[in-house]
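Asker: return atomic coordinates for the entry below.
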Amino acid sequence: MKIVIIGGTGLIGTKTGDRLRRQGHEVIAAAPNTGVNTITGEGLEEALAGAEVVIDLANSPSFADKAALEFFETSGHNLLAADKVAGIKHHIALSVVGTERLQDCGYFRAKLAQEKLIKASGIPYTIVHSTQFMEFLAGIAKSGTVGDAVHLSPAYVQPIASDDVADVMAGVALAAPINGMIEISGPERVRMNELVARYLKAAGDPRKVVADPEARYFGAKLNDGSLVSDNNPRLGRITFEQWFATSARK
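Answerer: The predicted structure is shown next:
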């Protein structure tokens, strides 16, 4: 089966593609650096020709409100239009647990707009909502850094390793569309400030983490239910300690 991965040269795209190729499928890693651009439309028709499944992992290069919305709306319109021309049988998109609850943040408003386009397209689809990737912990620490301290919300998170995400995305690509959403999470629920403190300690980083209920997460104020799922999520198998031991230092 031919499967096109939009954003196929990124972290999740590369790992998902590897898994699908090992199972004998033809995988096209579509990205601007491979001649496929969902913003301009360049290469889309050629890439999707003969494909049955599209996995959309494209991400906005900017978290700014207007830029993110323009990216996801333009990319979504162009990709879904190309899907229809190609007769795609299953459109899959990766989104974020809590998107609908974090509408104070322009990035999450943009992701919700993307999801609405997919649902209204008439193309069979599956949307995968994932919690934050463990690979993003350094970025979360950076976003909260003020001087030598890291100010972070004590809200719960349940981060998932990218290998677990790729396992799910590959499995969804080979399954029938559900015309709905599934949610995936890591195996451990922990407070954000506590997890980042563990990460920095393990990395030998001297920054001190401060639990700050007023700290924003990319512009959004969090509560204990903002970033976690109680909707029977599929749980990953890789713990923070296992991920850090094998992946964080690569």
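Asker: now the strands for the chain?
Answerer: For the chain, applying DSSP state E gives strands covering 2-6, 26-30, 53-56, 90-96, 125-130, 145-146, 149-152, 156-157, 180-185, 190-191, 208-211, 216-217, 220-221, 234-235.
Asker: and the ones you listed, which is most packed in?
Answerer: Comparing these by mean neighbour count (mean count of other CB atoms under 10 Å), strand 53-56 ranks first with a mean of 27. Any C-beta I mention is one placed from the backbone N, CA and C, and that applies to glycine too.
Asker: run through the protein and note the low-pLDDT ranges.
Answerer: Within the chain, the segments meeting pLDDT under 70 span 248-250.
Asker: repeat that with 50
Answerer: Along the chain, segments meeting pLDDT under 50 are nowhere present.
Asker: out of all of them, which helix in it is the longest?
Answerer: helix 65-86 (DSSP state H).
Asker: show me what that helix is packed against.
Answerer: Where contact means 3 or more CB pairs under 8 Å, 6 or more residues apart in numbering; DSSP states H and E, helix 65-86 is packed against helix 44-48, strand 53-56, helix 106-120.
Asker: neighbouring contacts of the last one?
Answerer: Meaning helix 106-120. For helix 106-120, the surrounding residues in contact (CB atoms under 8 Å, 6 or more residues apart in numbering) are 60, 63-66, 68-69, 71-73, 75-77, 80, 91, 93, 95-96, 98-100, 102-103, 125, 127, 218-220.
Asker: among those residues, name the buried ones.
Answerer: 60, 63, 68-69, 71-72, 75-76, 80, 91, 93, 95-96, 98-99, 102, 125, 127, 220 (16 or more other CB atoms under 10 Å).
Asker: thinking again about what came up before, so the longest helix of the chain versus strand 90-96, what angle?
Answerer: Calculated by axes from the mean of the first three to the mean of the last three CA atoms, to 10 degrees, helix 65-86 forms an angle of 160 degrees with strand 90-96.
Asker: distance from the chain centre to helix 65-86, please.
Answerer: Distance of helix 65-86 from the chain centroid (CA atoms, centre = their mean, to the nearest Å) equals 16 Å.
Asker: tilt between that helix and strand 125-130?
Answerer: Using the same axes, to 10 degrees, helix 65-86 lies at 140 degrees relative to strand 125-130.
Asker: any residues touching helix 65-86, and which ones?
Answerer: 6, 38-39, 41, 44-45, 48-51, 54, 56, 58, 60-62, 91, 106-107, 109-111, 113-114, 117-118, 121-123.
Asker: relative to strand 2-6, how tilted is that helix?
Answerer: 170 degrees.
Asker: picking that back up, just the helices and strands packed on helix 65-86: most buried one?
Answerer: Most buried among those, counting by mean count of other CB under 10 Å: strand 53-56, with a mean of 27.
Asker: thanks again, I'm all set now.
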